[in-house]
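1. My questions concern the predicted model and sequence given below.
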Amino acid sequence: MADYIIRATAAKGQIRAFAATTRDMVEKARAAHNTSPVATAALGRLMSAAAMMGIMMKGESDLLTIKIQGDGPIKGLTVTADAKGDVKGYVFHPSVMLPPNDKGKLDVGGALGVGVLSVIKDIGLKEPYIGQTILVTGEIAEDLTYYFATSEQTPSSVALGVLMNKENTVRQAGGFILQMMPGASESLIGRLEEKLGEITSITTLLDVGNTPEMILEYILGEFGLEINDKIPARFYCNCTKKRVEKALISVGKKEIQEMIQDGKPIDVNCHFCNQNYQFSVNELKEIFRKAVR
């Protein structure tokens, strides 16, 4: 099943909902960055959330960035998503290994530690919107639930999960975000909380064959679920050698001159997809000429 996101409403617009299956996206990121299981789980959860939060934006060129910085061994994550379901991201220390937590699960909270979650929305204004909250648990879903409540004043329920195979490839990944709209009744909120309490984990639901539509139907069916959209999602990086060249020009003439004087080609790696770009000495000389114009 190819990755996709469902956008829906329920209870006559009192609830808006998003659900995603993201196994291929997370597996592609794992393979690109050679992440350990706990790093894969952390990156996969954040990418799944970013995919759903990205399509909440309205503009074609709007861009969402979510950064987590913590004092745990992974140190941090950065993920970006657009409004079309394209997502990319990386882990600061992708090879970190940790024992399971006290529930026998991958210890994402321990890997991230104490820190800060930042959500940056570039929606074409002079300055991007930046919302920042502390990491409540480091498990990411709870942290985003707290972010929505404090920074966007939107009561939300966020569930995210990544399930690994024994050979450390990704077996399942996905999540959902449910949000109460202004004016939602207390009785509706109470019943929804009861329904959410019946769910064991998002990856368990996906692993027994449930689709995002089926998961939303299970949670919201009694509230009059209306599915509005199905949007493809994928791991996609828009880096090219030309874009990397522009970044090199911005480094400065002195630094480029030093690279030329070394007399060796240089390798530049894209953080987001780990693609390697090599520039020969002659190419560096051409970049230097562009930099001095």
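-> Received it, and whenever you're ready, just let me know what you need.
2. Quick check: buried residues in the helix or strand of the chain with the lowest mean pLDDT?
-> Lowest mean confidence among the helices and strands of the chain (mean pLDDT, DSSP states H and E): helix 281-292, at a mean of 82. Within helix 281-292, the residues that count as buried by 16 or more other Cβ atoms under 10 Å are 283-284, 287-288, 291. Yep, even glycine has a C-beta here, placed from its N, CA and C like the rest.
3. all helices for the chain, in order.
-> Secondary structure of the chain (DSSP state H): helices at 23-33, 37-54, 108-112, 141-151, 186-197, 202-207, 212-220, 241-251, 253-262, 281-292.
4. which sections of the stretch 1-150 of the chain are below the confidence cut-off?
-> Residues of the stretch 1-150 of the chain meeting the criterion pLDDT under 70: 1.
5. nearest to residue 134, of the helices of the chain?
-> Nearest to residue 134, of all these, is helix 141-151, at 7.9 Å by Cβ to Cβ.
6. List of residues touching the closest one?
-> Applying Cβ atoms under 8 Å, 6 or more residues apart in numbering, the external contacts of helix 141-151 come out as 45, 49, 68, 117, 119, 131-137, 154-160, 175, 177, 179.
7. Filter those residues down to the buried ones.
-> By 16+ other Cβ under 10 Å, the contacts of helix 141-151 give 45, 49, 68, 117, 119, 133, 135-136, 155-160, 175, 177, 179 as buried.
8. picking that back up, which strands or helices does the least confident helix or strand of the chain pack on?
-> If you count contacts as 3 or more Cβ pairs under 8 Å, 6 or more residues apart in numbering; DSSP states H and E, helix 281-292 packs onto helix 241-251, helix 253-262.
9. re the thing from before, which members of the buried ones among the contacts of helix 141-151 are positioned in strands?
-> The members of those that map onto strands under DSSP state E are 68, 117, 119, 133, 156-160, 175, 177, 179.
10. Closest to residue 20 out of those residues?
-> Out of these, the member with the shortest distance to residue 20 (by Cβ to Cβ) is residue 175, at 5.9 Å.
11. what's near enough to touch that closest one?
-> So residue 175 contacts 19-20, 22, 45, 48-49, 52, 141, 158-161, 202 (Cβ under 8 Å, 6+ apart).
12. hmm, 10 Å instead?
-> Going by Cβ atoms under 10 Å, 6 or more residues apart in numbering, residue 175 touches 5, 18-22, 44-45, 47-49, 51-52, 140-141, 144, 158-162, 202-203, 206, 212, 215.
13. Please apply the same query to residue 49.
-> Residue 49 neighbours (Cβ under 10 Å, 6+ apart): 18, 20, 22, 64, 66, 79, 81, 87, 119, 140-141, 143-144, 147, 158-160, 175-177.
14. if I look at residue 35, how far off is residue 105?
-> Look at residue 35 and residue 105: by Cβ to Cβ, to the nearest Å, they are 16 Å apart.
15. Give me the more crowded residue out of the two.
-> residue 35 (25 against 16; other Cβ atoms under 10 Å).
16. who's in contact with the nearest residue to the more buried one once chain neighbours are set aside?
-> Distances taken as Cβ to Cβ, 6 or more residues apart in numbering put residue 94 closest to residue 35, at 4.4 Å, once the chain neighbours are dropped. Applying Cβ under 10 Å, 6+ apart, one finds that residue 94 lies in contact with 29-30, 32-36, 38-40, 42-43, 74, 77, 274.
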